[in-house]
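**Student:** Just the structure for this:
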Amino acid sequence: MIHNTIKHLPKIHRLTLGALAAILCIMLLWPNDGVRASRNVEVLELVPGVQYDVPMPSFGEDISFDPEQFKGEEYIRHLVRSGDTLGKILSSHGQSARVTHLVSHSGDEAKRLRKLRVGESLYLQIDASQTLTSIKYPISSTETLYLTRDEDSFISSIEQKPVESLITFAQGTISSSFWHAGVQAGLTDNKIMELASIFGWDIDFAQEIRSGDSFNMAFEELYVDGEFIGYGDIVAAEFVNQGDTFTAIQYSDGNYYTPEGRSMRKSFLRAPVNFRHVSSNFNPKRFHPVQKRIKPHRGVDYVAAVGTPVLAAGDGKVIKAAYDRFNGHHVFIQHGERYQTKYLHFKNRAVKRGDTVKQGQVIGYLGSTGMVTGAHLHYEFLVDGVHRNPRTVELPKAEPIDEKEKDKFLSLAQQTLTLLDNNKRIMLAMN
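**Tutor:** Model (predicted):
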């Protein structure tokens, strides 16, 4: 009721209430160790009269789901254990094989019951004559499978609860590492990785992050019946890296764009592997540790655990996938006419010559084959046959948003940027 009242207040009143609530929240949750990070929440209606798309949550560590939601109803709860099958469960509750057959063949939705997982719950309603009358199977925080007896058969259906989305903010300044700053700002591991992936076309998070860099972001918290069930998408984010500001805004198509409407997604990723330690940078005059001589180092070395997946930096065709004593297991990819990327010292390869690959596809696993002193990935980026620094090379321009959607997006972008700026002002005032 209160939520509905707030939604119908004028926008300036909603923003004022949100700011006041954010200040109170920050005062209550302000960390004692001086880390500059914050979280606050407010109700968001981005475009008046337009429903904002809320994605269904993924089933991971961000989901909080109570399997006891049917407690108090006349159902018997069966906790699925190792070795349990639908037939075994129903038999343990006095049901025949014929009943199992009727249940499992009561529609496409009922097929889910054939793949029950350990730890899940099945709720059975059995009357005084020991007749199974109903089954409830919670699929997720928002979906429940119902099977109801209809004379000598069962009818299956899925009930989906509405999801309410609230917007929360997080802000942090990096002192030791981006990961540490994200944790101090209250972000989950998934949200930290999601933030990095949004800006992964512009920033190499392994090499280019510096002390003093900062981030400011707005993302969804999802609720069902007033209960928190997990986090949704990042709806907007700003990252300041070495004095350069990058801003991303999510549109209703699920993609991220700059405030001007250019896609954040580009032809190449700045880094082909997720990791937090780099051994050496692009250096044309480098002392080779094995050959003991000055040898150009036309690329970047990424140090990570053996077996770490290595990703294709862009769409292309594998023109070489082989082994030699210098490069070890290696893969070369041609991207159109001008660009080529090289990946050396794999433990093993996941593609072969002639394969077509997509950006982000796993092409091999980091190792220490060839002439190396330790496990790492050596990555090279060539333009027109000339080695270029993959960290700083100018990449092809990002495609803009559809012209038909541009006006709507620009309106959304302006409102979203205002929310981010308001959050930033609150933090500056507190400091």
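
**Student:** make it CA atoms for all contacts and neighbour counts henceforth
**Tutor:** Will do.

**Student:** Run through the protein and note the low-pLDDT ranges.
**Tutor:** In the predicted model of the chain, residues 1-73, 275-297, 431 satisfy pLDDT under 70.

**Student:** ranges for the strands of the stretch 1-150 of the chain?
**Tutor:** Under the criterion DSSP state E, counting those that start in this stretch, the stretch 1-150 of the chain contains strands at 37-42, 76-79, 121-126, 132-138, 143-150.

**Student:** and residue 111, which of these is closest to it?
**Tutor:** When these are compared by Cα to Cα, strand 143-150 sits nearest residue 111, at 10.5 Å.

**Student:** Show me what counts as buried in that closest one.
**Tutor:** Using 16 or more other Cα atoms under 10 Å as the test for burial, strand 143-150 gives 144, 145, 146, 147, 148, 149.

**Student:** Can you name the residues that contact the last one?
**Tutor:** Read it as residue 149. 132, 133, 134, 155 (Cα atoms under 8 Å, 6 or more residues apart in numbering).

**Student:** For residue 234, which of the strands of the stretch 1-150 of the chain is the nearest?
**Tutor:** The minimum distance between residue 234 and the strands of the stretch 1-150 of the chain falls on strand 37-42, with 13.4 Å, by Cα to Cα.

**Student:** Which of the buried residues of strand 143-150 sits closest to residue 89?
**Tutor:** Taking Cα to Cα as the measure, residue 147 is the one of those closest to residue 89, at 15.4 Å.

**Student:** Look up which residues are beta-bridged to that closest one.
**Tutor:** For residue 147, the beta-bridge partners under DSSP bridges are residue 135, residue 156.

**Student:** So that it lines up with my notes, have the first residue be 41 from now on.
**Tutor:** Fine by me, first position is 41 from now on; the one you just mentioned is residue 187.

**Student:** What are the neighbouring residues in contact with it?
**Tutor:** Each residue near residue 187 by Cα under 8 Å, 6+ apart is listed here: 143, 146, 150, 174, 175, 176, 194, 195, 196, 197.

**Student:** one step back: show me which of the contacts of residue 189 are buried.
**Tutor:** Buried members of the contacts of residue 189, counted by 16+ other Cα under 10 Å: 172, 174, 195.

**Student:** Can I get those residues in TSV including distance to residue 346?
**Tutor:** Putting the buried ones among the contacts of residue 189 into TSV (distance: Cα to Cα, whole Å) gives the following:
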residue	distance to residue 346
172	53
174	51
195	51
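
**Student:** Closest one of the residues you listed to residue 161?
**Tutor:** Of these, the one sitting nearest to residue 161 (Cα to Cα) turns out to be residue 174, at 14.2 Å.

**Student:** ok, which stretches of the stretch 291-440 of the chain are helices?
**Tutor:** Here the stretch 291-440 of the chain has no helices by DSSP state H, counting those that start in this stretch.

**Student:** ok so, going back, where neighbours are concerned, which of the contacts of residue 187 has the most?
**Tutor:** Going through the contacts of residue 187 with other Cα atoms under 10 Å as the criterion, the one with the most neighbours is residue 143, at 26 neighbours.

**Student:** hang on, isn't that one packed against residue 188?
**Tutor:** No - with contact defined as Cα atoms under 8 Å, residue 143 and residue 188 do not form a contacting pair (9.2 Å).

**Student:** Next, show the common contact partners of the two.
**Tutor:** When contacts are counted by Cα under 8 Å, 6+ apart, residue 143 and residue 188 have residue 194 as shared neighbours.

**Student:** which of the buried residues of strand 183-190 lies closest to residue 271?
**Tutor:** Ranked by distance to residue 271 (Cα to Cα), those are led by residue 184 at 19.7 Å.

**Student:** list the contacts for residue 165?
**Tutor:** So, once contact is read as Cα under 8 Å, 6+ apart, residue 165 ends up touching 114, 115, 116, 172, 173, 174, 175.

**Student:** okay if I get those as JSON lines plus distance to residue 220?
**Tutor:** Shown next, in JSON lines, are the contacts of residue 165 (distance: Cα to Cα, whole Å):
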{"residue": "114", "distance to residue 220": "48"}
{"residue": "115", "distance to residue 220": "46"}
{"residue": "116", "distance to residue 220": "45"}
{"residue": "172", "distance to residue 220": "53"}
{"residue": "173", "distance to residue 220": "53"}
{"residue": "174", "distance to residue 220": "49"}
{"residue": "175", "distance to residue 220": "46"}
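
**Student:** Kindly list the longest strand within this structure.
**Tutor:** strand 267-281 (DSSP state E).

**Student:** packing partners for the following helix or strand past that strand?
**Tutor:** Following strand 267-281 in sequence order, the next helix or strand is strand 284-290 (DSSP states H and E). Strand 284-290 makes packing contacts with strand 267-281, strand 296-297 when contacts are defined by 3 or more Cα pairs under 8 Å, 6 or more residues apart in numbering; DSSP states H and E.
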